[in-house]
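Participant: Could you work out the structure for the sequence below:
(2 chains)
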Number of protein chains: 2
Amino acid sequence: MIRDIPEISLQRLPVYLNYLKSLPEGDKYISSGTIAAALGMGEVLVRKDLAYTSSSGRPKVGYVRAELIAALEEYLGCDKKRNAVLVGVGGLGSALLAYGGFAKYGIDIVEAFDSDPSKAGTRVGGKPVGGDGDIPAAVERSGAALAIVAVPASAAQQVCDVLVSAGIKGILNFAPVQLRAPESVVVRNIDVGASLAILASLL
Amino acid sequence: MIRDIPEISLQRLPVYLNYLKSLPEGDKYISSGTIAAALGMGEVLVRKDLAYTSSSGRPKVGYVRAELIAALEEYLGCDKKRNAVLVGVGGLGSALLAYGGFAKYGIDIVEAFDSDPSKAGTRVGGKPVGGDGDIPAAVERSGAALAIVAVPASAAQQVCDVLVSAGIKGILNFAPVQLRAPESVVVRNIDVGASLAILASLL
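Facilitator: Predicted coordinates for the structure are as follows:
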């Protein structure tokens, strides 16, 4: 999917989506001004972001809420089913396997992997756990293009290499280390410790 | 702490820090070019970011690695001890309580809270768990300015209000909902589901 939305705008689309879905069913219309005020953002920015979707606001009344939700969901690919795998079934990995928040984006973690042989063959959060050696076959079988890396920093690069060889195209990395991957692979990082430290230095 | 570093630069400081710490002890000097190449970033950007710290590169040899690490740690406040509390001891909250990645930034989660009375009085990840009603007294006692919100979306705003009343100044929110807080309180969000959906739409 190649589109010219800036990533910073793309990152805000789920925020609009969550907000719109949280409103009472009876609210048929919503204006960019109302959205902006509720989310503490500028109205021009909201309008610019939403212009990337197929929904368009109407003078005076604003957007039809259901249409805007559908447009955002379409833009974010929620209507397509996409498979993901997860590597590292420790505390964080287990929590992510049990997390229900991927389904609304059409994403299903189909299988998880851990280097600890005692975990292979078990189920965590309802998902089957295999050994690291099972990654290539599982990625091919499931057609997963997405992977979550939740292993310790020391193991993350090796896991990344295995995932890339297996054909994974996008990696969400929770290990506090910068992964090296080919340019064709998109890597994004969530470093919870660093996020809290950054927050602390903004106080 | 008021400084004029852009938040986007601030977010990269832990990335530099992790990289520098991952290098062999024997490497005394490191150049901005080496850092830039290793992290896949532009050299000018690296130099600009690092100029916010107290360390300065020397012509030809670059930065003294140990000095740069110390300067980054100082900038990120790793040398100060800061207390945090966590609300919501479910799967994600429990994983965060057991997570060791806060300590290197000088941050200690001193206490956790959950609305489920059966969890009050237990310990999770070595941390004491109290009821939601214990939040104000615990925040006052510990002097915590930071809080992690790991409750379901439906409960997050109420928890946020309690934390703000208790004197919390910075909130790291994992619930997929936009929290309303006074301007004096800094709120940052980690939405794991949305992050994976955004990654998927970049492929």
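Participant: Could you measure from the nearest residue to residue A:123 once chain neighbours are set aside over to chain B?
Facilitator: Closest residue to residue A:123 apart from its sequence neighbours, by C-beta to C-beta, 6 or more residues apart in numbering or on different chains: residue A:129 at 6.6 Å. For the C-beta atoms, the positions are set from N, CA and C on the backbone; glycine is no exception. Counting by C-beta to the nearest C-beta, to the nearest Å, the gap from residue A:129 to chain B is 16 Å.
Participant: From what I see, residue A:129 and residue A:114 are in contact.
Facilitator: Yes. Applying C-beta atoms under 8 Å as the test, residue A:129 and residue A:114 come out as touching, 5.9 Å apart.
Participant: Now the common contact residues for those two.
Facilitator: Residues touching both residue A:129 and residue A:114 (C-beta atoms under 8 Å, 6 or more residues apart in numbering or on different chains) are A:89, A:120.
Participant: mind listing the helices in chain A by residue range?
Facilitator: A:7-22, A:32-39, A:43-50, A:65-75, A:91-98, A:135-142, A:153-166, A:192-202 (DSSP state H).
Participant: got the buried residues for the fifth one?
Facilitator: If I follow you right, that is helix A:91-98. Buried residues in helix A:91-98, counted by 16 or more other C-beta atoms under 10 Å in any protein chain shown: A:91-97.
Participant: next one: it to chain centre, how far?
Facilitator: Its chain's C-alpha centre and that of helix A:91-98 lie 15 Å apart, by C-alpha atoms, centre = their mean, to the nearest Å.
Participant: Against which helices or strands is that helix packed?
Facilitator: strand A:82-87, strand A:107-114, strand A:123-124, helix B:91-98 (3 or more C-beta pairs under 8 Å, 6 or more residues apart in numbering or on different chains; DSSP states H and E).
Participant: Turn the ones you listed into a markdown table, columns for distance to residue A:138.
Facilitator: Compiled in a markdown table, the helices and strands packed on helix A:91-98 are given as follows (distance: least, C-beta to C-beta, whole Å):
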| stretch | distance to residue A:138 |
| --- | --- |
| strand A:82-87 | 6 |
| strand A:107-114 | 5 |
| strand A:123-124 | 14 |
| helix B:91-98 | 23 |
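Participant: Show the pLDDT at the spatially most distant residue from the centre of chain A.
Facilitator: In chain A, the residue that sits farthest from the middle, by C-alpha atoms, centre = their mean, is residue A:60; the gap is 34.2 Å. You'll see residue A:60 listed with a pLDDT of 83.
Participant: For it, what are phi and psi?
Facilitator: The phi and psi values for residue A:60, taken as degrees, to the nearest 10, are phi 70, psi -50.
Participant: how close does it get to residue B:108?
Facilitator: 53 Å (C-beta to C-beta, to the nearest Å).
Participant: cool, and residue A:156?
Facilitator: Distance from residue A:156 to residue B:108, by C-beta to C-beta: 25 Å.
Participant: so what's the residue nearest to residue A:77 when sequence neighbours are not counted up against?
Facilitator: Spatial nearest neighbour of residue A:77, excluding adjacent residues (C-beta to C-beta, 6+ apart): residue B:201 at 5.4 Å. Taking C-beta under 8 Å, 6+ apart, we find residue B:201 in contact with A:1, A:10, A:75-77.
Participant: go on, residue A:138?
Facilitator: Taking C-beta under 8 Å, 6+ apart as the definition of contact, the neighbours of residue A:138 are A:85, A:110-111, A:113, A:130, A:144.
Participant: could you flag which of those residues are buried?
Facilitator: By neighbour count, with 16+ other C-beta under 10 Å, the contacts of residue A:138 hold A:85, A:110-111, A:113, A:130, A:144 as buried.
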